[in-house]
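Novice: Compute the structure for the input listed below.
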Amino acid sequence: MKKLLVALSSLLLLGCARTGLELANLPSKFSDTDIIRNVAYGHDAWQKLDIYIPKHAKGETLPVVVFFYGGSWQDGSKDMYAFVGDAFAQKKYIAVIVDYSKYPQVVFPQFVNDGAKAVAWVYRNIEKYSGNPNDLFLSGHSAGAHIAALIAADHRYLQKEGLNTSVIKAFAGMSGPYDFVPKEETYKAIFGPPENYPQMQVTTFIDGREPPMLLLWGEKDTLVGRSNMDLLADKIRQQQGVVETKIYPNVDHVGMVSSFTWFLRGKASVLEDICQFFGKYQ
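Specialist: Alright, predicted model coming up:
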């Protein structure tokens, strides 16, 4: 059994290979979660989201988590993350998986603008799907954690949508690059010129008024350094905000989100820790 899990994990970690994704998303095809696909939150072709609705009693309203996937601001699709939507749904959350624009079609901050537009749509429309807009949470992995954290911390994004960050009850980020200076040419193209870099660093906007934040990181992560978590957590504490951190031993960058899959759920308690944190603020 251990060898099987290792093999399945390898398939998923190899760039989220098709076979690995099919295995990861297999339970969602047979679960009692109701999936509403390709709901438009804007006019552009990529501005779509999927809604995962758990089985619930008639008239019952449920907390909502909006999830942003990673992919270096260049890759990924909501269709790849059915396993995340179903995992949250099994915990009695309505989960919303968001697609957003990516480089090279756009550069920063367009993908964050997309994210804020999606959050605003969810806040204003999720009651139609049995969601409680007053229990709205954000989460994300890698670049998606960066996008969600900026929406939570930089008030300007939701203000453009006629809202403010108070509509977000809490944020949970996995392996987010919250405070880094682009070194590779691709990232320079996405976020440059250099005078713009402070605008893409979440730490720039921490003032103590941001929603409570849970920052999670795997000790074997070689893609996003621990300093991103530590610097953001330190700034929040300096501003007397609310933050918790957790490091997972023997977990790498992709392993943080692959811990949501049915065959790796026992490797790290990421899903349980996020839900427990959100539960404090419902």
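Novice: Can you list the buried residues in the longest helix seen in the chain?
Specialist: Scanning the chain for the helix with the most residues, using DSSP state H, yields helix 110-125. Neighbour-count burial for helix 110-125 flags 110-123 (criterion: 16 or more other C-beta atoms under 10 Å). To be clear about C-beta, it is placed using only N, CA and C from the backbone, and glycine gets the same treatment.
Novice: Distance from the chain centre to the helix or strand just after that helix, please.
Specialist: Next in sequence after helix 110-125, counting helices and strands by DSSP states H and E, comes strand 131-141. Strand 131-141 sits 10 Å away from the centroid of its parent chain (C-alpha atoms, centre = their mean, to the nearest Å).
Novice: Distance check, the residue nearest the centre of the chain against Lys183.
Specialist: Per C-alpha atoms, centre = their mean, the C-alpha nearest to the average position across the chain is that of Gly140, at 1.3 Å. Counting by C-beta to C-beta, to the nearest Å, the gap from Gly140 to Lys183 is 22 Å.
Novice: now Val243
Specialist: According to C-beta to C-beta, Val243 and Lys183 sit 26 Å apart.
Novice: just Asp154 next, same as before
Specialist: Taking C-beta to C-beta, one finds Asp154 at 23 Å from Lys183.
Novice: Which stretches in the stretch 101-250 of the chain count as strands?
Specialist: Assigned by DSSP state E, counting those that start in this stretch, the stretch 101-250 of the chain shows strands spanning 131-141, 170-174, 213-218, 243-248.
Novice: and these as JSON lines, adding mean pLDDT?
Specialist: Formatted as JSON lines, the strands of the stretch 101-250 of the chain follow (pLDDT from 0 to 100):
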{"stretch": "strand 131-141", "mean pLDDT": "98"}
{"stretch": "strand 170-174", "mean pLDDT": "98"}
{"stretch": "strand 213-218", "mean pLDDT": "98"}
{"stretch": "strand 243-248", "mean pLDDT": "98"}
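Novice: So which of those strands has the densest surroundings on average?
Specialist: strand 170-174 (a mean of 29; mean count of other C-beta atoms under 10 Å).
Novice: Including distance to Leu158, could the strands of the stretch 101-250 of the chain go into JSON lines?
Specialist: Rendered in JSON lines, the data for the strands of the stretch 101-250 of the chain read as follows (distance: least, C-beta to C-beta, whole Å):
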{"stretch": "strand 131-141", "distance to Leu158": "11"}
{"stretch": "strand 170-174", "distance to Leu158": "13"}
{"stretch": "strand 213-218", "distance to Leu158": "16"}
{"stretch": "strand 243-248", "distance to Leu158": "20"}
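Novice: Identify the bridge partners of Ile36.
Specialist: Ile36 has these beta-bridge partners by DSSP bridges: Ile51.
Novice: what sits against it?
Specialist: Asp50, Ile51, Ile53, Tyr129 (C-beta atoms under 8 Å, 6 or more residues apart in numbering).
Novice: what about this protein, any weak spots by pLDDT?
Specialist: 1-30 (pLDDT under 70).
Novice: Report how many residues lie close to His155.
Specialist: For His155, the neighbour count with other C-beta atoms under 10 Å is 17.
Novice: same question but for Ala189, I mixed them up
Specialist: 13.
Novice: My guess is it contacts Tyr103. True?
Specialist: Yes. Counting by C-beta atoms under 8 Å, a contact exists between Ala189 and Tyr103, whose distance comes to 7.1 Å.
Novice: For Ile151, see how far away the nearest residue to Gln199 once chain neighbours are set aside is.
Specialist: Distances taken as C-beta to C-beta, 6 or more residues apart in numbering place Pro109 nearest to Gln199, at 7.1 Å, with adjacent residues excluded. From Pro109 over to Ile151 the distance is 10 Å, taken as C-beta to C-beta.
Novice: I appreciate the help and will end here.
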